[in-house]
Each structure stands twice: as structure tokens, then as C-alpha cells.
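**Q** Kindly generate the corresponding structure for this input.
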Amino acid sequence: MFNDSLLDDANFTDLSNVSTEQTNASSSTEGANNNDTVNWAWDTDSVIPYLLIIDALLTIGWSVLANSIILIAVLIDRNLQHNAYFYGVSLALADLIGTVDLGFGCYFLLFDSWPIESPGLCKFWNSVDYTTGLIASLSIGAISFDRYKMVKYPEKYLREETTKRVIVRIVLIWLFSILFYVPTTTLWDVIAGYTVIASDDCDPEFRNVVGMTVSQFLAEFLLPFVVIVYCNLKLLLFVRGLSERDQGLKYNLSIVEVEQRFTKAPGSLELLEEIAAMQSEVECVKQDIRTIDEGRDNTFTLIILVGTFFSFWCPWEMIGNFARPICHCIPDYLYNAAFWLQYHLVAVNAIVYGLTIRRFRHHFNKVFRIFLPFRFPQSTDKSKRLVGIRSSNAVASMDIRLEQKSPACQQNGDVPDQPHRRPAATALRTTEN
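**A** Residues are numbered from 1 along each chain as shown. Here you go, the predicted model:
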């Protein structure tokens, strides 16, 4: 009897221990489940996540709308089917594809992790994200080189920059970007045989590989940066010279117009020849002034595009792709801010195109007239002097003038560096006789 009671007590103790372990296990499991489902990176009372979601939705909506307008406008508008705008098509297409990344980026910031634990989806996000970013930066570099050559060497540009050559450059940009990032983001762990990324994280496998980081920085930032800075500095210096030439040409135009007033009276054949020569010179001078104005407009349009691009892109390249993988000294809030800022380029580039190129602005207004109560500003006489607003399909019009340039103007050569006077006294003496 005594032994039976001892056995009962022992069984009771074992059962109580088992129940206690089961209770602890169930509570720990519930806690783990709660942690898995509620893995929120922000306080429940914080308004930042909701602002982040609203910002993401607005940016995605605008990017899809604006970049689609740019692509469709080039397809249907013959005035935009010009070699110089094909690089913009490449940029708009990369931004439209890159819009997918913004949703994943917002999700990653909200949870500060990768709760869905899908390596395949993570690789897809990284490959699209990095590839479209490289395409965008290289396209901006190509646009800078194209505008530099078009403004400074217009006749050479018209002769050399054929549609075939431009398309080949764009195809090379896309192929290089795809081959540079898609294999490294999708096959790195397969080739290495192991992964360094946790299941609840989503970063490329090469994030801490210094050699890959340096190569990435050179291809994605430094090379386009050098090309862009060089072309824009040369263009700024050239435009400064154009402004001085513009003043000289306008001075010459005023002198010639004064001479015309004094030679209106009927006279000999020699006088009529003098009047015809003056009229030809007036047309040549006006043509040169228009070419200079269009070159200046194209330069300022490019500067706006490049300045906006680097304002959003530089922080991420310097902080996320260069400094943090090497020194691990960047605070999380600074890293996240640069990370989120660069995603807005998918919408900002389209805004720059819509505001600075008149023909694109026309197509934006046609759409906004249907869906929205406002329009982009139309250029007026006063607003034409605003930076970039006067660009009225200047690329195509410049090429047309080069093709239709009269022989008399072609003989005159380049625009003179210094203003010169025509012998007005000769015309006056002829009139008096």
C-alpha cells in the first residue's frame, strides 16, 4: 500500500512536470508566433509607417502614369521620334520597371526584415533593384554625352549620331547592367555553396565583399559621375561663350537693321544687290541666334535633369553602396533615409521630362486635362527665360536648321567671337547718291 502511494506520487510529479513543460513550450511557441506576425519596426502609435505607405502609393502611381506618358508620347508623336530622346525612353523604361522595387522597399522598411522568408522573391527584388539603378545612371551619362555633342558640335552630331548608333548604345547599356547584376544577385550563393544572409533578411550575398562593392561603386557611380561632370562643365563653359556671342550677334543685327532703313529708297542695281546682301546677313544672324538659344536651353535642361538625379542618387551610393559595407559605421536611420530617397527617382525623372521639354509637357497636359484639375505651366514670353522652360523641341529644330542652312550662311562659318560693324557709311553714301 505504501509502495502504491509512492508510485502514485511519483506519477503525479511526472505528470505535473510534463504539463508544466507543455505549458512552457506552448507559451514559447505562442510568443514566437506573435513575434513572427507582429514583427513591426515602429511603435504602434507612430505615424511614420502610415506616411511611408502613403508616400509609396503616391510615388508608384505617379511613376506608372508619368513614365507611361513619356513612352507612349515617343511612340505616337513624330516630333519626339528623334535620336536624342531615345536615351530618355531607356531611362523611362528603367524607371517604370524599377517601380516594382518601391513596394518591396516599403515592405522591408516597415518590418525592418524580410518576414515572408522567400529567398527567390528576395533575389528577384535585388536583381531588378540593382539592374534598373545601373541602367538609370548609365542612361543619364549617355544623355549628358549626347547633349554635349549636340550643342558643341551640331554638324558633327547630325552626321555621326545615327539612329542605329544610338540604339546600339542603349542595347549595350542594358546588356552590361543585366550581366553585371543578375548573375551576382541570383547565383552568388549557388556558386559559393553557402549563404551569408539570414532567412528573415534580404540583402545581396556580396554586401560585405569589398571587391564587389568597389566594382559596384565604380560601375554604378564613379564612371557615370565622371562623364556627367565633364560634359556638364564643358557645356557650362561653352554656354558662357555662347552668351557673349549672342550679345555680339544681336548688336550686329541691330546695325544691319539700321542700315536697311537707310537703303529702302529705290536706286541702282548696285544698291539692290547691297539690300539683298543685308537681308541675307539678317537671316543668317537670326538663324545663329536661334541656334545659340536652343543650345543654351538644351544645356540647362540637362543640368536640371542631372542635378535632380544626383540629389536623390548620391546619398545612397555614398552611404549604402560604399561607406557602410566597408566601415559599418553608418547609423541605421541614415542608411534607411538614403535607401528610401533613391527610390523616388522613378518618379522624379519623369517630372523633369514633363517640365523641361515642351513637347512632353504638351502630352502631360492632354492627360491631366482628363484626370486632374491642373496642368503643367505653358511657356509665355516672360516665362521663356526660365531655366529649361523654353526648350521647345530644340533638338529636332536645331537639326532641321543645320540641314536647311543656306549656302551664304555656311560660307560665313562659325559664329564670330567678337561683334563687328558693317560699313554703314557706304550704304549711306549710296542712298544719298
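
**Q** in the stretch 301-433 of the chain, which ranges drop under the pLDDT threshold?
**A** Scanning the stretch 301-433 of the chain for pLDDT under 70 picks out 301, 372-433.

**Q** Now do the helices in it.
**A** With DSSP state H, counting those that start in this stretch as the definition, the stretch 301-433 of the chain shows helices at residue ranges 324-327, 332-341, 345-356, 358-371, 394-403, 407-412, 424-432.

**Q** Which of the helices or strands spans F176?
**A** Applying DSSP states H and E as the criterion places F176 in helix 163-192.

**Q** From the contact counts, what lies against that helix?
**A** helix 83-111, helix 119-152 (3 or more Cβ pairs under 8 Å, 6 or more residues apart in numbering; DSSP states H and E). For glycine as for every other residue, the C-beta is placed from the backbone atoms N, C-alpha and C.

**Q** Turn the ones you listed into JSON lines, columns for distance to L233, mean pLDDT and mean neighbour count.
**A** Converted to JSON lines, the helices and strands packed on helix 163-192 look like this (distance: least, Cβ to Cβ, whole Å; pLDDT from 0 to 100; neighbours: other Cβ atoms under 10 Å):
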{"stretch": "helix 83-111", "distance to L233": "20", "mean pLDDT": "91", "mean neighbour count": "21"}
{"stretch": "helix 119-152", "distance to L233": "10", "mean pLDDT": "91", "mean neighbour count": "22"}
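
**Q** So which of those is nearest L58?
**A** helix 83-111 (10.5 Å; Cβ to Cβ).

**Q** what's the angle from that closest one to helix 163-192?
**A** Counting by axes from the mean of the first three to the mean of the last three Cα atoms, to 10 degrees, helix 83-111 points 30 degrees away from the direction of helix 163-192.

**Q** Show me what helix 83-111 is packed up against.
**A** Other helices and strands packing on helix 83-111, by 3+ Cβ pairs under 8 Å, 6+ apart, are helix 48-76, helix 119-152, helix 163-192, helix 332-341, helix 345-356.

**Q** can you rerun that using 6 Å?
**A** Applying 3 or more Cβ pairs under 6 Å, 6 or more residues apart in numbering; DSSP states H and E, we find helix 83-111 packed against helix 48-76, helix 119-152, helix 163-192, helix 345-356.

**Q** And for the residue nearest to P325 when sequence neighbours are not counted, the neighbour number?
**A** With Cβ to Cβ, 6 or more residues apart in numbering as the criterion, P325 has its nearest non-adjacent residue at 4.6 Å, and that residue is T213. If you count neighbours by other Cβ atoms under 10 Å, T213 ends up with 18.

**Q** same question, L302
**A** 26.

**Q** any idea how far it is from D95?
**A** Distance, L302 to D95, by Cβ to Cβ, to the nearest Å: 17 Å.

**Q** now swap in D189 and tell me
**A** If you measure D189 against D95 using Cβ to Cβ, the figure is 29 Å.

**Q** wait, H363 sits on V74?
**A** No - when contacts are counted by Cβ atoms under 6 Å, H363 is not listed as touching V74 (9.4 Å).

**Q** re the thing from before, quick one: the helices and strands packed on helix 83-111 as JSON lines, columns for distance to V100 too.
**A** Output for the helices and strands packed on helix 83-111, formatted as JSON lines (distance: least, Cβ to Cβ, whole Å):
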{"stretch": "helix 48-76", "distance to V100": "9"}
{"stretch": "helix 119-152", "distance to V100": "6"}
{"stretch": "helix 163-192", "distance to V100": "15"}
{"stretch": "helix 345-356", "distance to V100": "9"}
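
**Q** Mind checking the ones you listed for the one nearest to I228?
**A** Nearest to I228, of all the helices and strands packed on helix 83-111, is helix 119-152, at 4.6 Å by Cβ to Cβ.

**Q** The closest one versus helix 163-192: what angle between them?
**A** Between the axes of helix 119-152 and helix 163-192, defined by the same axes, to 10 degrees, the angle is 150 degrees.

**Q** what packs against helix 119-152?
**A** helix 83-111, helix 163-192, helix 223-262, helix 269-318.

**Q** how near is P115 to D55?
**A** 21 Å.

**Q** Could you do K366 as well?
**A** From K366 to D55 the distance is 27 Å (Cβ to Cβ).

**Q** quick one: R324 and I330 touch, right?
**A** Yes - using Cβ under 6 Å, R324 makes contact with I330 at a distance of 4.3 Å.

**Q** out of these two, which sits in the more crowded spot?
**A** Using other Cβ under 10 Å as the criterion, R324 and I330 rank with R324 on top: 20 against 17.

**Q** and E161, what are its phi and psi?
**A** phi -80, psi 80 (degrees, to the nearest 10).

**Q** what's the neighbour count on it?
**A** Summarising burial for E161: neighbours were counted as other Cβ under 10 Å, giving 18.

**Q** again with E317
**A** Using other Cβ under 10 Å, E317 has 22 neighbouring residues.

**Q** for the spatially closest residue to it that is not a sequence neighbour, helix, strand, or coil?
**A** Excluding its sequence neighbours, the residue lying closest to E317 (Cβ to Cβ, 6+ apart) is F221, at 4.2 Å. Here F221 is helix, with the state taken from DSSP: H, G, I helix; E, B strand; the rest coil.
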